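**Q** just the structure for this:
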Amino acid sequence: MPLEKTLAAVLSDKSRFGQIFIQRTGSGGFVLCHHDDANSRGLEIFKKPEDALRIARSDDAGKYRPLKTAPNLRRGWRLEVVDLGELRRALDCFYPGRLAMLAAWTDNRLSTTPLRETLDRQSGMYRIAAKISDQQIDDVVGNFCKSGGGCLRTILWKRDTHGAIPSTSLPPKKFDPGHDQTGRGQNAIPLLCQEPCNLLVVECRKVVKGEIDE
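**A** Below you'll find the predicted structure:
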């Protein structure tokens, strides 16, 4: 499969994808765990790729994680998969859609959508989000999308069709696929963001609506 081909090309014996540490086994399988648990013992063992859905559902405090690429993946688990196919399925459960984005980007066929375009096409209760100012975008994107406490994706989209950066509050490394967004400074497979997510649209709406309500 195309995604497995892409995955095989970027994997090493020890790889990192977001907050996940991936280690190849001698039998052709893979072992996954939280990167902070790479040297830990006594972890809860999982054996099915779909177990990743359960692992990724909540953070260490048991709180639901609406944004799966937020840097709050819970610790204390070890997922063992038998081959590349199961690894792909597991990673798709941990970080939905990110392998497909990586494959498209690797093949130079990934298209991006500016934030303003995303907001302009909203309808119903979210239509008001398009009224957000550039200064408000600076603040919202800078806070919501920041790697530390926000989201681990590398932003590839622009603010508008003129190519403005999404937020001047974010450092240049936030837009660099070669940078480890976890802040560990290690070689990592990037989690790519090709367009603003629905959760960011919600945040934009909150800002505009709050200003109007005031």
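**Q** only C-alpha atoms from now on, for both contacts and neighbour counts.
**A** Fine.
**Q** list the helices and strands the helix of greatest length in the chain packs on?
**A** Scanning the chain for the longest helix, with DSSP state H as the assignment, gives helix 198-213. If contacts are counted by 3 or more CA pairs under 8 Å, 6 or more residues apart in numbering; DSSP states H and E, helix 198-213 sits against helix 134-144.
**Q** hmm, back to that, buried sites along the longest helix of the chain?
**A** Neighbour-count burial for helix 198-213, counted by 16 or more other CA atoms under 10 Å, picks out L200, V201, E203, C204, R205, K206, V207, V208, K209.
**Q** name the residues that touch that helix?
**A** Here helix 198-213 makes contact (CA atoms under 8 Å, 6 or more residues apart in numbering) with 67, 119, 126, 128-132, 136-137, 140-141, 144.
**Q** off-centre distance for it?
**A** Its chain's C-alpha centre and that of helix 198-213 lie 21 Å apart, by CA atoms, centre = their mean, to the nearest Å.
**Q** what mean pLDDT does it have?
**A** Mean pLDDT, computed over helix 198-213, is 87.
**Q** let's number from 34 now, not from 1
**A** Understood, numbering begins at 34; the last thing we discussed is helix 231-246.
**Q** and the residue nearest the centre of the chain, how far from R131?
**A** Central residue of the chain (CA atoms, centre = their mean): T102, 3.4 Å from the mean position. Separation of T102 from R131 (CA to CA, to the nearest Å) stands at 9 Å.
**Q** name the residues contacting each of the two.
**A** L224.
**Q** quick one: the lowest-mean-pLDDT helix or strand in the chain to helix 167-177, angle?
**A** Lowest by mean pLDDT, DSSP states H and E among the helices and strands of the chain is helix 231-246, with a mean of 87. Put simply, helix 231-246 runs at 130 degrees to helix 167-177, going by axes from the mean of the first three to the mean of the last three CA atoms, to 10 degrees.
**Q** what sits up against stretch 122-133?
**A** By CA under 8 Å, 6+ apart, the list of residues contacting stretch 122-133 from outside reads 36, 40, 81-86, 88-89, 101-102, 121, 224-225.
**Q** generate a ChimeraX selection restricted to the buried subset of those residues.
**A** Burial among the contacts of stretch 122-133 is assessed by 16+ other CA under 10 Å; the matching ChimeraX selection reads:
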select :36,40,82,83,84,85,86,88,89,101,102,121,224,225
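**Q** which of the contacts of stretch 122-133 sits closest to W138?
**A** Here the nearest of the contacts of stretch 122-133 to W138, counting by CA to CA, is L225; it sits at 8.5 Å.
**Q** wait, that closest one sits on W190?
**A** No: contact between L225 and W190 fails when scored by CA atoms under 8 Å: they sit 9.8 Å apart.
**Q** ranges for the strands of this protein?
**A** With DSSP state E applied, the chain shows strands at 47-50, 53-57, 63-67, 77-79, 110-114, 187-188, 225-226, listed in chain order.
**Q** circling back to that earlier point, which two among the contacts of helix 231-246 are spaced furthest apart?
**A** Farthest pair in the contacts of helix 231-246 (CA to CA) is L100 and K164. Separation: 24.3 Å.
**Q** domain ranges for the protein?
**A** 35-129, 148-246 (automatic domain parsing).
**Q** T139 is nearest to which of these?
**A** Comparing the domains of the chain by CA to CA, domain 35-129 comes nearest, at 7.8 Å.
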